[in-house]
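S.K.: got a structure for you, letters missing:
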């Protein structure tokens, strides 16, 4: 429960991501329901919730890869639905189950990324080496990615997102399907990036215990709605019992919300 | 790099510098796809199949033409006869290549989009600053370029073999006709590329889309004519003895039915382009048939031949564009995540 992130979120830091009433419906299904979210520079924000809560849909709306049904999203002050290219130029994204071209080496895959981002040819080789070093893949750089382990692919995914020197990193389920040692390494890497580069990080996860110590602020996301938000301690307080850990607080908040939904259903 | 990112600066960003440096996104995609394709095992295997399909008939035919050199010398467009004639039991060059060629398009297109999905590269790729259509446009252009490389190198190989085996050099007119044939062949294979890409957008699994495209190819090439005969027989049954007019009408109906088969359209275009003596490629009506039968055999210029097959060429182009536009629209409306 002891949190490394004692540093309070700096309310004065510029907002990198700001959504207001963001909603996405697929027919009758409401994937994201009036979400108000703010992520500031230099903080790690954890969007936590079960699979199917709408985390990936939210992220895709922030990247302009799917359009919101209602509400607004601003990333670096820009509307991702309208200025997707400018947004994507400055946002590093690690998708869930990231993949690479298996026949190409790690370095060749990153060369493609550098070309897509219009990085100057002479400088990009150095940037690629730097990014590979950063994620600890320097030795595997010239092996085809088809032979990489899940954890290595995940780290190459971070290198891929770092190459454009992003102002914000969006990580979708970064710790899923890698072994515990790999998780610890990955979390340390994210911490280091925030400290060194001052980027903002928005990460989504359903593995609360894993990311609890990493996040400055967390949001409990359930069925498209943000049920609680704040530091881990604040969320515990909102759950009604300060001092409990995130798993426990999460359980209570979700149980309360689903109980409310049931009574609402009966009343109606 | 360690400084806090200045949001205002990024936002105000007149930073179009990177965009100017990079150029259009589809070009970057096409460059990567083409270089990956040209070095792939898939490309090597297809080149070998296409090469065999091209070399075997030309080798056999050139032997037959040499044996008949006495009668053949002085015949018009002798060099092109190398491609249009078969020497039993080997079918003609155009027949065999026309049969095998769609494989090339299918192989470069069947996993274009669903392959990216399965690999987990689609979402990552689209999170970089390219438009979504850059991906499908770039892949289509790269596929066409790979097809062009294969067809041009095959045509040059075969022409070289023909020169050596026959000992005659093609005339300028014949070379022009071969170039026209190469262009139409690229169009025809491009149509199959577009069909395969449409399958790759519609089906989430590469194996399924490959099976659909190959099934369509086999069905049309093996049973296309048979199907046209069956349907024509059903629509216009011919019983007992029929007159010439009825027989011609029946044949025309059959032909109208078979123009939905791109292989037939391509074969018609090929016939006129490589054979200066061909003055018609479709079954004529009775009046035209009488006229044609009284016609003095003549050699058309390339321009005249092109005029005859212009509908076929435009038809192939239109079908290719239509299939590509369909896959483009479906892809742009799809969700990025599975």
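M.R.: Done, it's in. Not measured: the values here are computed from a predicted model.
S.K.: so for stretch B:112-120, what gets flagged as buried?
M.R.: B:112-117, B:119-120 (16 or more other C-beta atoms under 10 Å in any protein chain shown). (Glycine included, C-beta is placed from N, CA and C.)
S.K.: need the residues of the stretch 101-250 of chain B near chain A, please.
M.R.: Residues of the stretch 101-250 of chain B lying close to chain A by C-beta under 8 Å from any C-beta of the partner chain are B:119-121, B:123-132.
S.K.: now the residue of the stretch 101-250 of chain B found nearest chain A: phi and psi?
M.R.: Closest residue of the stretch 101-250 of chain B to chain A, C-beta to the nearest C-beta: residue B:120 (2.6 Å). Torsion angles at residue B:120 (phi, psi; degrees, to the nearest 10) stand at phi 80, psi 20.
S.K.: what of the one 5 residues further on?
M.R.: In terms of degrees, to the nearest 10, the main-chain angles of residue B:125 are phi -60, psi -40.
S.K.: dump the residue contacts of it.
M.R.: A:116, B:116, B:135 (C-beta atoms under 8 Å, 6 or more residues apart in numbering or on different chains).
S.K.: the last one belongs to a helix?
M.R.: Yes: the secondary structure assignment for residue B:135 places it in a helix, going by DSSP: H, G, I helix; E, B strand; the rest coil.
S.K.: ok, the closest residue to it other than its chain neighbours - how many residues close by?
M.R.: Closest residue in space to residue B:135, ignoring its immediate chain neighbours: residue B:29 at 5.8 Å, by C-beta to C-beta, 6 or more residues apart in numbering or on different chains. Neighbourhood size, residue B:29 [other C-beta atoms under 10 Å in any protein chain shown]: 24.
S.K.: isn't residue B:29 up against residue B:139?
M.R.: Yes: using C-beta atoms under 8 Å, residue B:29 is in contact with residue B:139, at 6.6 Å.
S.K.: please enumerate the strands of the stretch 51-200 of chain A.
M.R.: A:70-75, A:91-94, A:168-172, A:200-205 (DSSP state E, counting those that start in this stretch).
S.K.: of those strands, which approaches residue A:257 most closely?
M.R.: strand A:200-205 (18.5 Å; C-beta to C-beta).
S.K.: same for that closest one, what does it pack against?
M.R.: When contacts are defined as 3 or more C-beta pairs under 8 Å, 6 or more residues apart in numbering or on different chains; DSSP states H and E, strand A:200-205 packs onto strand A:15-26, strand A:29-40, strand A:44-48, helix A:55-62, strand A:168-172, helix A:180-197.
S.K.: strands paired with it, and their directions?
M.R.: strand A:44-48 (parallel), strand A:168-172 (parallel) (DSSP bridges).
S.K.: give me the number of residues near whichever residue of the stretch 151-268 of chain A sits closest to chain B?
M.R.: At 3.8 Å from chain B, residue A:167 is the closest residue in the stretch 151-268 of chain A, using C-beta to the nearest C-beta. Residue A:167 has 25 neighbours, counted by other C-beta under 10 Å.
S.K.: again, but for residue B:214
M.R.: 17.
S.K.: so which helix or strand takes in it?
M.R.: helix B:206-235 (DSSP states H and E).
S.K.: and what of residue B:160?
M.R.: Residue B:160 belongs to helix B:132-166, assigned by DSSP H and E.
S.K.: how much space separates residue B:198 from residue B:328?
M.R.: Distance check for residue B:198 against residue B:328: by C-beta to C-beta, to the nearest Å, it reads 9 Å.
S.K.: who has more neighbours, those two?
M.R.: residue B:198 (25 against 19).
S.K.: would that one count as being in a helix?
M.R.: Yes: assigned with three-state DSSP, residue B:198 falls within a helix.
S.K.: follow-up on the earlier one: nearest residue to the residue of the stretch 101-250 of chain B closest to chain A in space, please, no chain neighbours.
M.R.: That would be residue A:99: by C-beta to C-beta, 6+ apart, it lies 2.6 Å from residue B:120.
S.K.: and that neighbour, its phi and psi?
M.R.: phi -130, psi 160.
S.K.: how many neighbouring residues does it have?
M.R.: 21.
S.K.: likewise residue A:185?
M.R.: Residues near residue A:185, counting by other C-beta under 10 Å: 17.
S.K.: surely the residue of the stretch 151-268 of chain A closest to chain B and residue A:41 touch.
M.R.: Yes: between residue A:167 and residue A:41 there is a contact under C-beta under 8 Å: 7.4 Å.
S.K.: now do the very next helix or strand once past the helix holding residue B:214: distance to the chain's middle.
M.R.: Next in sequence after helix B:206-235, counting helices and strands by DSSP H and E, comes helix B:244-258. Centroid separation for helix B:244-258 versus its chain: 27 Å, with C-alpha atoms, centre = their mean, to the nearest Å.
S.K.: and the residue in the stretch 201-338 of chain B positioned nearest to chain A, what does it touch?
M.R.: Nearest residue of the stretch 201-338 of chain B to chain A, counting by C-beta to the nearest C-beta: residue B:336, 4.7 Å away. Counting by C-beta under 8 Å, 6+ apart, residue B:336 makes contact with A:60, A:65-66, B:122-123, B:126.
S.K.: kindly indicate the member of these with the most neighbours.
M.R.: Neighbour-wise, the contacts of residue B:336 (other C-beta under 10 Å) top out at residue A:60, 27 neighbours.
S.K.: state the distance from that residue to chain B.
M.R.: The gap separating residue A:60 from chain B is 6 Å, by C-beta to the nearest C-beta, to the nearest Å.
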